[in-house]
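# what's the 3D shape of this:
(one chain, ligands or ions: 1)
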Amino acid sequence: MENTTRTRLEIIPLTKYIGAEIRGVDLREKPDAATLRAIYQAWLDHLVVVFRGQELSQEDLVRATSYFGELGDIDRPEKHHPKGFARMLPGIMLISNIRENGEPIGALPDGEMMFHHDMIHREVPSRATMLYSVEIPSSGGDTLFASGYAAYDTLDPQIRSRLEGKRAFHHYNYGSTQKGDGRGTEAFSEASHPVFRTHDETGRKAVYVNRLMTVRVEGMEEHESDRLLQAVFDHAEKPEFVYTHVWRTGDVLLWDNRCSSHARTDFPSTERRLLMRTTLKGSLRPQ
Ligand SMILES: [Fe+2]
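Residues are numbered from 1 along each chain as shown. Take a look at the predicted model:
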């Protein structure tokens, strides 16, 4: 007899290069092995997977993250560790603009954020990020996801050959995440990685530099490095390579930090925004 209570898994691509919605999954329950394999493959193929209408406790979110790999630690210095974290399970980061006694309860509270790869400023960056929306403003605060594969595959061959085999230096200070800042300040963390990263599971190459954190191509004159990086950023952020996620309450997104970057649009500071974030530990130094 067929089990009629089991919903059928549906995978619906959202754009040509990036993003797929997955239907028929309640993340509170661990999917069977075949379903999990299908979801994992969809994630590798589409870089970002979207599960709508989820209702998760903190414990559920941690468990759902663990379906895909080992949970990563929260990676923030103590002085930038807002009070709300004390109420969260280890491994969950609050992303929120909500303030109590004038202090934000979460990280990355306000406004726009430029394109970036989570944790690229670490020697072994997070493999993936999961984000679950609890409260969402009536407009704005969208997340834009860009395919690093599409950007690499279509990059001007002259630019690509100048950068092939090169490494870039990344710098990030948690106190300066907003547009127009982040350079010349004391770094919380710095690291160098290949400009084009080979994905350890798909074997495909992706652009692995971003506007927010990448400072310099190593072993290159500054003006040349600036010119090439600017050209790569402008190309990688083209709308045809981007999926824009308009959040609803109850969305869970899982994205691959090895081959995609993301950005956030501005939103009204008068409205509440609250999301819970977990990460998957990276297993390899980028190649
Ligand atoms: Fe991010």
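
# looking at the chain, which helix or strand is least sure?
Using mean pLDDT, DSSP states H and E, the weakest-scoring helix or strand in the chain turns out to be strand 103-104, at a mean of 86.

# Name every sheet partner of the helix or strand following that strand and say whether each one runs parallel or antiparallel.
For strand 103-104, the following helix or strand on the C-terminal side (DSSP states H and E) is strand 113-116. Strands adjacent to strand 113-116 in the sheet, as given by DSSP bridges, are strand 260-264 (antiparallel).

# now the helix or strand where Leu228 lies against strand 260-264, angle please.
Secondary structure assignment for Leu228, by DSSP H and E: helix 222-236. Helix 222-236 and strand 260-264 are oriented at 80 degrees to each other (axes from the mean of the first three to the mean of the last three C-alpha atoms, to 10 degrees).

# same question for helix 222-236, mean pLDDT?
Average pLDDT, helix 222-236: 97.

# Let me see the contact set for Val217.
Leu163, Lys166, Arg167, Ala168, Phe169, Val195, Glu224, Ser225, Leu228, Leu229 (C-beta atoms under 8 Å, 6 or more residues apart in numbering). Using the backbone N, CA and C atoms, a C-beta is placed for each residue, glycine as well.

# List phi and psi for it.
Main-chain dihedrals, Val217, degrees, to the nearest 10: phi -80, psi 130.

# how near is it to Cys259?
For Val217, the distance to Cys259 equals 20 Å [C-beta to C-beta, to the nearest Å].

# same thing with Leu36?
Separation of Leu36 from Cys259 (C-beta to C-beta): 20 Å.

# quick one: which of the two has more around it?
Cys259 (27 against 15; other C-beta atoms under 10 Å).

# Might one say that Val232 is in contact with Leu155?
Yes: using C-beta atoms under 8 Å, Val232 is in contact with Leu155, at 6.9 Å.

# list residues touching both of the two?
Val207.

# Settle it for me: which of the two has more neighbours?
For Val232 versus Leu155, neighbours defined as other C-beta under 10 Å are more numerous around Val232 (27 against 18).

# The more buried one and Ala107, how far apart?
From Val232 across to Ala107, the span is 27 Å (C-beta to C-beta).

# can you check Lys166 too?
Plainly put, Lys166 is 31 Å away from Ala107 if you go by C-beta to C-beta.

# Narrow the contacts of Val217 to just the buried residues.
The neighbour-count test (16 or more other C-beta atoms under 10 Å) marks Leu163, Lys166, Arg167, Ala168, Phe169, Val195, Ser225, Leu228, Leu229 as buried among the contacts of Val217.

# between those residues, which is closest to Glu10?
Val195 (36.7 Å; C-beta to C-beta).

# The closest one contacts Arg167, correct?
Yes: under the criterion of C-beta under 8 Å, Val195 makes contact with Arg167 at 6.6 Å.

# All good on my end, thank you.
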